[in-house]
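Trainee: below is the sequence, then the predicted model.
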Amino acid sequence: MKTKFLLTTLLIAILLVMTTIVSAVSFSLDSTSLTFNQVKTSAEFTLKPTNSSIPVNVSITVPEIKDEEGKTITITALPSSLANFNNDTKITVAILADYSKLFLGKVYTGNLVIKNAVNNADNVTLPISISRSYCINGVQGNKLDLSVEINNIEGFGEEDNEWYPLDKIKVDTNVENAGTDSISNIVIEWCLYNPTDGKCTRLKDKENDFRLRDGADKDVAIEFQVNPDDLENDVTDYTFYLKAYSKDSEYGEDKLCAEYSEDISIMKDDSFVILSDISVPETVPCGEFLEGTANIWNIGSDDENDVYVTIYNKDLGIDEKLIVGDLNELESKDISFKFQMPKDAESNKAYSLEFEVFDQDDNLFENDAGEEAKFNALTKIEGNCIVEKELAAEITAELEADTLSEEGKPLTIKGTLKNTGQEATSYSLSVSGYTSWAELDKIEPTTITLEPGKSADFKVYFNVNEDAAGEQLFTIKADYSGATTEQEVSVEIAKTEESNVTLTGNTIKEHFKKNWFVWVIVVINVVLIISIIVVARRIASSK
């Protein structure tokens with residue numbers, strides 16, 4: 001029984017050893033991965049046998065990695081195979097690629113596989129990665145140090161790496177010569193890179209041709225506006241690249257180049273239309289026309305219909321609506337406007353024109369952060385502005401104290417004229433609407449000159465007719481500088497009380513003098529009646 005147990009144990013041990021030998025990897029590597037770019041086009045690693053007493057045949061298979069045009073990148077590993085391998089051996093891997101066909105920021109990967117020719121399960125893999133730098137030949141040298149800070153200085157982006165189309169960006173760059181020699185003809189270039197099509201759009205002309213002594217540095221401020229024409233409708237993730245290199249014959253970009261990159265998000269709301277490049281004259285003379293232009297952009301992801309812009313300034317009397325119409329995604333239109341400045345505007349004063357952009361439902365456009373499509377532009381009024389001050393007057397009137405208002409009696413009205421305008425004014429006084437009940441005697445005075453806010457009294461004298469009892473109306477007028485102020489006045493005329501009159505020669509005479517026409521008619525009627533009676537009697541006698 002014991003013997004059987006020992007044999008079983010021995011067999012199990014032998015099987016375990018054999019399994020271990022079969023499953024064990026017969027070689028190892030001194031590298032975990034290999035990276036390549038324009039500068040580093042080859043690399044080495046060491047292949048080491050696990051057990052030098054057991055030689056193996058080794059084959060090396062390179063991965064198939066394709067560029068953006070679908071062409072296979074040439075990768076070689078030398079030696080590509082080893083017979084009776086039992087010593088440490090260096091393997092050289094080389095890359096031959098057209099780096100212009102590779103996208104910036106994109107890593108192209110694959111695995112190099114080292115196999116035991118007898119046992120395919122006996123193998124190891126070595127990851128390979130290939131990438132392209134913004135520097136044409138990759139980052140070169142260590143004599144140039146870059147420090148870069150991106151700032152979104154104007155626009156709707158809330159973060160410095162979040163850009164709306166038309167935002168204004170400032171890139172503060174510091175370039176330092178970390179070497180021991182002077183470097184001439186230093187160039188800074190930058191671009192916004194689209195990782196979907198590999199296009200790197202230059203955002204502005206490069207800064208070039210400055211010189212740095214050893215240990216010196218230079219600050220370079222780069223400003224540009226994010227141009228919607230450089231953006232793709234369906235792309236929001238971009239990369240900003242910047243590089244500094246020398247065009248000096250001693251160096252050149254292939255020998256000295258430093259670079260910087262930062263991921264940028266291009267912000268797009270569903271519905272957002274804004275203005276850019278608003279242009280108005282810095283100064284406009286009084287009474288002349290202000291002519292301006294602007295660009296209107298649909299920077300949202302939706303097409304827009306019936307867009308319009310309002311322009312407003314209360315002091316200048318501007319309240320205009322400009323119809324723009326339809327705008328597709330990332331489409332722009334030019335708009336223009338023209339307004340006449342008031343002749344009496346305040347000279348040497350800056351006026352702000354307020355612009356607002358509305359959709360077809362009369363809603364002011366705003367982005368997802370709640371920022372509204374409101375814009376301002378300043379212009380200054382200058383020149384000999386004619387300030388037309390307001391001229392005005394106020395008239396009040398009443399019956400003068402201790403004056404009777406009876407028919408057939410004189411009537412005096414006391415009036416007050418006040419200058420309610422803004423400058424000294426001469427007023428000419430007159431009355432109208434009285435001829436049916438009175439005769440005008442006089443106005444004193446007929447002309448009054450007053451400073452602003454001052455008042456003066458005047459009087460109007462009437463002779464009231466005998467039969468003018470009741471409410472009577474008339475109008476006082478003040479004429480000045482082509483304008484007229486009128487005030488209607490109402491007076492109550494009392495009927496004259498009857499009284500006993502003593503008949504005297506003078507009263508009878510006065511009575512006949514005033515009523516002679518009536519007495520003439522009476523006499524004629526009496527004569528006619530007497531004549532008729534005489535004629536009638538004669539006719540009767542003859543019969």
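Mentor: Yes, it's here.

Trainee: just give me the residue closest to the centre of the chain.
Mentor: The C-alpha lying nearest the average C-alpha coordinate of the chain belongs to F375 (C-alpha atoms, centre = their mean; 2.7 Å).

Trainee: for it, which residues make a bridge with it?
Mentor: F355 (DSSP bridges).

Trainee: next, the contact list for it, please.
Mentor: F375 is in contact with I274, L275, I278, E354, F355, E356, counting by C-beta atoms under 8 Å, 6 or more residues apart in numbering. Every residue, glycine included, has its C-beta placed from N, CA and C.

Trainee: could you do L256 as well?
Mentor: Neighbours of L256 in contact, by C-beta under 8 Å, 6+ apart: Q140, G141, K143, L144, I183, Y245, S246.

Trainee: before we move on, the earlier item: quick one: the residue nearest to the centre of the chain from R537, how far?
Mentor: From F375 over to R537 the distance is 114 Å, taken as C-beta to C-beta, to the nearest Å.

Trainee: show me which of the contacts of F375 are buried.
Mentor: I274, L275, I278, F355, E356 (16 or more other C-beta atoms under 10 Å).

Trainee: and the two most separated of these?
Mentor: Using C-beta to C-beta, the two most remote members of the buried ones among the contacts of F375 are I278 and E356, lying 12.3 Å apart.

Trainee: residue ranges of each domain in this structure, please.
Mentor: 24-130, 144-266, 273-382, 393-493 (automatic domain parsing).

Trainee: okay if I get those domains as CSV plus mean pLDDT and distance to V527?
Mentor: Output for the domains of the chain, formatted as CSV (pLDDT from 0 to 100; distance: least, C-beta to C-beta, whole Å):
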stretch, mean pLDDT, distance to V527
domain 24-130, 92, 135
domain 144-266, 90, 111
domain 273-382, 94, 79
domain 393-493, 91, 30
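
Trainee: and those domains as a markdown table, adding distance to I530?
Mentor: Below are the domains of the chain laid out as a markdown table (distance: least, C-beta to C-beta, whole Å):
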| stretch | distance to I530 |
| --- | --- |
| domain 24-130 | 140 |
| domain 144-266 | 115 |
| domain 273-382 | 84 |
| domain 393-493 | 34 |
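
Trainee: between those, which one is closest to V523.
Mentor: Using C-beta to C-beta, the domains of the chain put domain 393-493 closest to V523, at 24.4 Å.

Trainee: so how far is stretch 262-275 from its chain's centroid?
Mentor: How far stretch 262-275 lies from its chain's middle: 15 Å, per C-alpha atoms, centre = their mean, to the nearest Å.

Trainee: do stretch 298-308 as well
Mentor: Distance of stretch 298-308 from its chain centroid, counting by C-alpha atoms, centre = their mean, is 15 Å.

Trainee: please apply the same query to stretch 310-326.
Mentor: Worked out by C-alpha atoms, centre = their mean, stretch 310-326 lies 13 Å from the chain centre.

Trainee: can you check the distance spanned by that stretch, start to finish?
Mentor: 16 Å (C-alpha to C-alpha, to the nearest Å).

Trainee: please apply the same query to stretch 116-136.
Mentor: Distance across stretch 116-136, first residue to last, is 40 Å (C-alpha to C-alpha).

Trainee: would you map the strands across the stretch 51-200 of the chain?
Mentor: 56-61, 74-78, 81-85, 89-96, 108-116, 123-130, 144-154, 162-163, 168-177, 183-194, 199-202 (DSSP state E, counting those that start in this stretch).

Trainee: make CSV from the ones you listed and add distance to A483 and mean neighbour count to it.
Mentor: As requested, the strands of the stretch 51-200 of the chain are exported to CSV (distance: least, C-beta to C-beta, whole Å; neighbours: other C-beta atoms under 10 Å):
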stretch, distance to A483, mean neighbour count
strand 56-61, 104, 18
strand 74-78, 96, 15
strand 81-85, 112, 16
strand 89-96, 93, 16
strand 108-116, 87, 18
strand 123-130, 89, 18
strand 144-154, 51, 16
strand 162-163, 60, 20
strand 168-177, 53, 19
strand 183-194, 65, 20
strand 199-202, 66, 14
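
Trainee: make JSON lines out of these and add distance to P49.
Mentor: Converted to JSON lines, the strands of the stretch 51-200 of the chain look like this (distance: least, C-beta to C-beta, whole Å):
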{"stretch": "strand 56-61", "distance to P49": "7"}
{"stretch": "strand 74-78", "distance to P49": "17"}
{"stretch": "strand 81-85", "distance to P49": "6"}
{"stretch": "strand 89-96", "distance to P49": "9"}
{"stretch": "strand 108-116", "distance to P49": "11"}
{"stretch": "strand 123-130", "distance to P49": "12"}
{"stretch": "strand 144-154", "distance to P49": "45"}
{"stretch": "strand 162-163", "distance to P49": "55"}
{"stretch": "strand 168-177", "distance to P49": "49"}
{"stretch": "strand 183-194", "distance to P49": "46"}
{"stretch": "strand 199-202", "distance to P49": "47"}
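
Trainee: nearest to R211, of these?
Mentor: Of all the strands of the stretch 51-200 of the chain, strand 183-194 comes closest under C-beta to C-beta, at 4.7 Å.

Trainee: what distance separates the closest one from the middle of the whole chain?
Mentor: That offset, for strand 183-194, works out to 32 Å (C-alpha atoms, centre = their mean).

Trainee: partner strands of it and their direction?
Mentor: strand 199-202 (antiparallel), strand 207-212 (antiparallel), strand 237-246 (antiparallel).

Trainee: so which of those strands is the most packed in?
Mentor: Ranked by mean neighbour count under mean count of other C-beta atoms under 10 Å, the strands paired with strand 183-194 are led by strand 237-246, which reaches a mean of 22.

Trainee: could I have that one exported to CSV, CA atoms only?
Mentor: Output of strand 237-246 as CSV, limited to C-alpha atoms (Å, rounded to 0.1, in the frame of the first residue of the first chain):
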residue,chain,number,x,y,z
ASP,A,237,-12.8,69.0,-29.3
TYR,A,238,-9.7,70.7,-30.6
THR,A,239,-6.1,71.1,-29.5
PHE,A,240,-4.1,74.4,-29.3
TYR,A,241,-0.5,73.9,-30.4
LEU,A,242,2.4,76.3,-30.0
LYS,A,243,6.1,75.8,-30.8
ALA,A,244,9.3,77.9,-30.6
TYR,A,245,12.3,77.1,-32.8
SER,A,246,15.2,78.8,-34.4
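
Trainee: show the contacting residues for the residue lying closest to Q340 once chain neighbours are set aside.
Mentor: Take Q340 and drop its neighbours on the chain: the residue closest to it by C-beta to C-beta, 6 or more residues apart in numbering is F289, 5.2 Å away. Applying C-beta under 8 Å, 6+ apart to F289 gives the contacts K338, F339, Q340, M341.

Trainee: same check on D479?
Mentor: Y427, S428, S430.

Trainee: 7 Å instead, please
Mentor: Counting by C-beta atoms under 7 Å, 6 or more residues apart in numbering, D479 touches Y427, S428.

Trainee: that one sits in which helix or strand?
Mentor: D479 belongs to strand 470-480 when assigned by DSSP states H and E.

Trainee: only alpha carbons, please: show that strand as PDB.
Mentor: Presented in PDB, the C-alpha positions along strand 470-480 are these (Å, rounded to 0.1, in the frame of the first residue of the first chain):
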ATOM      1  CA  GLY A 470     -74.400 136.800 -18.600                       C
ATOM      2  CA  GLU A 471     -71.200 134.700 -18.900                       C
ATOM      3  CA  GLN A 472     -68.900 136.100 -21.500                       C
ATOM      4  CA  LEU A 473     -65.600 134.700 -22.900                       C
ATOM      5  CA  PHE A 474     -62.500 136.100 -24.400                       C
ATOM      6  CA  THR A 475     -58.900 134.900 -25.100                       C
ATOM      7  CA  ILE A 476     -55.600 136.400 -24.000                       C
ATOM      8  CA  LYS A 477     -52.700 135.600 -26.400                       C
ATOM      9  CA  ALA A 478     -48.900 135.800 -25.900                       C
ATOM     10  CA  ASP A 479     -46.900 135.600 -29.200                       C
ATOM     11  CA  TYR A 480     -43.100 134.900 -29.100                       C
END
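
Trainee: cheers, nothing more for now.
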